[in-house]
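Chemist: just a sequence and a predicted model for now, questions to come.
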Amino acid sequence: MPSSLFPGFIKLEYHSAYAPHVALWPTRGLDIIEGDPITSTIADWGAGQVLWTDMVDDLVAALADLVPATVIFDRATLFNVTGIDDDPQPIATYVVDVPGTEAAPGYTQAVQLTMVFRTTDFNISKVVLLDMASFDAFDKVISLAGQPALTAIADVWTSVTNGFAGRDNARPATFVAATKTLNEKLRRSYHQA
């Protein structure tokens, strides 16, 4: 089902100087370690398993390069979804506590990055980041050539050694585009004109 978070997902909570935010990252199936749930793993796209906290740490490290130090990635929670119509069940959570690293971000308030990928089943998968560095440029990116920060995110998101998935439960595989826009809902909540 193309819009489902089944069989699991990671919820990343972070905040900027302006507001708290949440990102949801769909995953493959979980191997839940009942006695020590923080060590639970996710099926990767090869033949193995990957520690879910390693997936989070790798993606957060890449995202941190596109936000200023006033953005802090706070905590991540792993959720299991046993059936398409079932409520998600939290499995484990941990404090991430990673600040952004971009020293010259340009305008950031309500700036949204949307990276779009095609999955192996030809559906859409997205990585979204709010209050990110605009570098005062809003050109659409259709090639990762010369884009090291975006390439780092794409490499983690599409890696066969990770277990990130589209909402169709297929592997994010092909970069399509990246756009930076002003999120109008955020602008209203920030009381911007």
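Modeler: Cool, the structure landed.
Chemist: packing partners of the longest helix along the chain?
Modeler: Scanning the chain for the longest helix, with DSSP state H as the assignment, gives helix 52-64. If you count contacts as 3 or more Cβ pairs under 8 Å, 6 or more residues apart in numbering; DSSP states H and E, helix 52-64 packs onto strand 8-15, strand 20-27, strand 41-43, strand 72-80, strand 89-99, helix 148-158. C-betas here are computed from N, CA, C, even on glycine.
Chemist: that one: how far from the chain's middle?
Modeler: Relative to its chain's centre, helix 52-64 lies at 9 Å (Cα atoms, centre = their mean, to the nearest Å).
Chemist: what's in contact with that helix?
Modeler: Contact partners of helix 52-64, identified using Cβ atoms under 8 Å, 6 or more residues apart in numbering, comprise 10, 12, 25, 27, 30, 38, 40-42, 71, 73, 76, 78, 92, 94, 96, 98-101, 129, 149, 152-153, 155-157, 162-164.
Chemist: give me the nearest residue to Gln89, chain neighbours excluded.
Modeler: Spatially, and ignoring its direct neighbours in sequence, Gln89 is nearest to Asn80 (5.0 Å; Cβ to Cβ, 6 or more residues apart in numbering).
Chemist: what do you get for Pro68?
Modeler: Pro105 (4.4 Å).
Chemist: the one you found contacts Ser134, correct?
Modeler: Yes. The pair Pro105 / Ser134 is scored as a contact, 7.1 Å apart, by Cβ atoms under 8 Å.
Chemist: what sits in contact with each of the two?
Modeler: In contact with both Pro105 and Ser134: no residue, using Cβ under 8 Å, 6+ apart.
Chemist: now do the contacts for the residue nearest to Gln89.
Modeler: Asn80 touches 7-8, 30, 32, 88-89, 91, counting by Cβ under 8 Å, 6+ apart.
Chemist: for Thr179, state which of the residues you listed is nearest.
Modeler: The shortest approach to Thr179 among the contacts of Asn80 belongs to Gly8, at 27.7 Å (Cβ to Cβ).
Chemist: about what we covered before: and the contacts of helix 52-64, which are buried?
Modeler: Buried residues within the contacts of helix 52-64, counting neighbours by 16 or more other Cβ atoms under 10 Å: 10, 12, 25, 27, 30, 40-42, 71, 73, 76, 78, 92, 96, 98, 100-101, 129, 149, 152-153, 156-157, 162-164.
Chemist: re earlier: and the two most separated of the contacts of Asn80?
Modeler: The span of the contacts of Asn80, defined through Cβ to Cβ, is set by Ile32 and Pro88 at 13.0 Å.
Chemist: show me the contacts for the closest residue to Leu186 other than its chain neighbours.
Modeler: Nearest non-adjacent residue to Leu186, counting by Cβ to Cβ, 6+ apart: Ala110, 3.9 Å away. With contact set as Cβ under 8 Å, 6+ apart, Ala110 has these partners: 18, 130-131, 182-184, 186-187, 190, 192.
Chemist: thanks a lot, see you next time.
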